[in-house]
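In: 3D, please:
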Amino acid sequence: MQVQKGFNSDITVRGQKYHIQTEDWGTQNPYLVSRIFCNGAVMKTIKTPYDTVLKLGSVQSEEAIKLALRRQHTTIIDTLMAGSLP
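Out: Prediction:
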């Protein structure tokens with residue numbers, strides 16, 4: 001399985017700028033990891049294991065990982081825009 005690249009977004013909420021970075025750490029370290037930065041400092045790290053993303057008993061699917069990576073990134077942005085940290 002190939003490592004998915006990831007996503008980076010810069011958003012401003014109530015005058016505060018945030019950078020959200022989400023990446024796939026690959027099969028050797030099977031996690032999807034998102035970090036929320038504010039003023040260059042990590043405010044929060046969200047780490048989701050592949051096991052949570054992939055259904056038990058199914059084969060590891062690049063498409064499932066890619067979709068979960070995008071979903072995790074988008075959910076964090078939506079939560080920040082709503083005014084709360086995940």
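
In: From here on, just use CA atoms for contacts and neighbour counts.
Out: OK.

In: Not counting residues beside it along the chain, what's closest to Cys38?
Out: Tyr18 (4.9 Å; Cα to Cα, 6 or more residues apart in numbering).

In: so that neighbour makes contact with Arg35?
Out: No. At 10.1 Å, Tyr18 does not count as touching Arg35 under the criterion of Cα atoms under 8 Å.

In: before we move on, the earlier item: ok, the residue nearest to Cys38 to Gly26 distance?
Out: Distance, Tyr18 to Gly26, using Cα to Cα, to the nearest Å: 25 Å.

In: longest helix in the protein, by residue count?
Out: Longest helix of the chain, by residue count under DSSP state H: helix 62-81.

In: which parts of it are buried?
Out: Ile65, Lys66, Ala68, Leu69, Gln72, His73, Thr74, Ile76, Ile77, Leu80 (16 or more other Cα atoms under 10 Å).

In: which one of those residues sits closest to Lys47?
Out: Using Cα to Cα, Gln72 comes nearest to Lys47 of those, at 9.8 Å.

In: For this protein, which segments count as helices?
Out: Counting by DSSP H, the helices of the chain are 50-53, 62-81.

In: Could you list the residues in contact with the lowest-mean-pLDDT helix or strand in the chain?
Out: Taking mean pLDDT, DSSP states H and E as the measure, the chain has helix 50-53 as its least confident helix or strand, at a mean of 87. Here helix 50-53 makes contact (Cα atoms under 8 Å, 6 or more residues apart in numbering) with Pro30, Tyr31, Leu32, Ala64, Ile65, Ala68.

In: How many residues are close by Leu54?
Out: 15 (other Cα atoms under 10 Å).

In: quick one on the thing from earlier: burial of the residue nearest to Cys38, as a residue count?
Out: So Tyr18, with other Cα under 10 Å, has 21 neighbours.

In: Distance of His19 relative to Thr79?
Out: From His19 to Thr79 the distance is 13 Å (Cα to Cα).

In: hang on, Ile11 packs against Phe37?
Out: No. With contact defined as Cα under 8 Å, Ile11 does not count as touching Phe37 (10.5 Å).

In: Identify the contacts common to those two.
Out: In contact with both Ile11 and Phe37: Tyr18, His19, using Cα under 8 Å, 6+ apart.
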